[in-house]
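Undergrad: model this:
(one chain, ligands or ions: 1)
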Amino acid sequence: MSELTQQHCQACRKDAPKVTEADKKTLLKEVPDWAIDEIDGEEQLLKVFRFKNFTGALAFTNKVGELADSEDHHPAILLEYGKVTVRWWTHAIGGLHQNDFIMAAKTDAAYTEPK
Ligand SMILES: C[C@H](O)[C@H](O)[C@H]1CNC2=NC(N)=NC(=O)C2=N1
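TA: Below you'll find the predicted structure:
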């Protein structure tokens, strides 16, 4: 599990630095299977998590919601039957901050594969 799970988010300020291209490369290696997606010119981290049914997907969605509130850093989450799509980016800076990689690692840690 990534060491990023042990870190905490900094307050999101408008003047906070976006991650550099070099940081992105290093940080992406820490969060396997997360992809960078660009929407309206803003980069986001994206990953799809699979479940056996709706209940499992809903429970995970709630876990991620609790994590988000505990770090005051919030994702976009699409809940579907057997599937949860999570997107992390930093609204205040319109792109990716270290916080997003921390939250991606914590999201991975909250996931258990369905048996
Ligand atoms: C006041 C509060 O800390 C801010 O509005 C936070 C809340 N959660 C947030 N979450 C994300 N992803 N980006 C932000 O810029 C952000 N800002």
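
Undergrad: buried ones in the longest helix belonging to the chain?
TA: For the chain, the helix with the greatest residue count under DSSP state H is helix 54-71. Counting neighbours by 16 or more other Cβ atoms under 10 Å, one finds that the buried residues in helix 54-71 are 56-57, 60-61, 63-64, 67-68, 71. Backbone N, C-alpha and C define where each C-beta goes, glycine included.

Undergrad: pick the one among those residues closest to the ligand.
TA: Minimum distance to the ligand across these is 7.4 Å, recorded for residue 68 (Cβ to the nearest ligand atom).

Undergrad: contacting residues around the closest one?
TA: Counting by Cβ atoms under 8 Å, 6 or more residues apart in numbering, residue 68 touches 74-75, 103.

Undergrad: quick check on residue 78: phi, psi?
TA: Residue 78 adopts backbone torsions of phi -110, psi 120, taken as degrees, to the nearest 10.

Undergrad: what about the closest residue to it other than its chain neighbours, which SS state?
TA: Distances taken as Cβ to Cβ, 6 or more residues apart in numbering place residue 85 nearest to residue 78, at 4.2 Å, with adjacent residues excluded. Three-state call for residue 85 (DSSP: H, G, I helix; E, B strand; the rest coil): strand.

Undergrad: so residue 85 sits against residue 50, correct?
TA: No. Using Cβ atoms under 8 Å, residue 85 is not in contact with residue 50; the gap is 10.5 Å.

Undergrad: hmm, back to that, CSV for the contacts of residue 68, including distance to the ligand and neighbour count?
TA: Below are these laid out as CSV (distance: Cβ to the nearest ligand atom, whole Å; neighbours: other Cβ atoms under 10 Å):
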residue, distance to the ligand, neighbour count
74, 4, 16
75, 7, 22
103, 8, 28
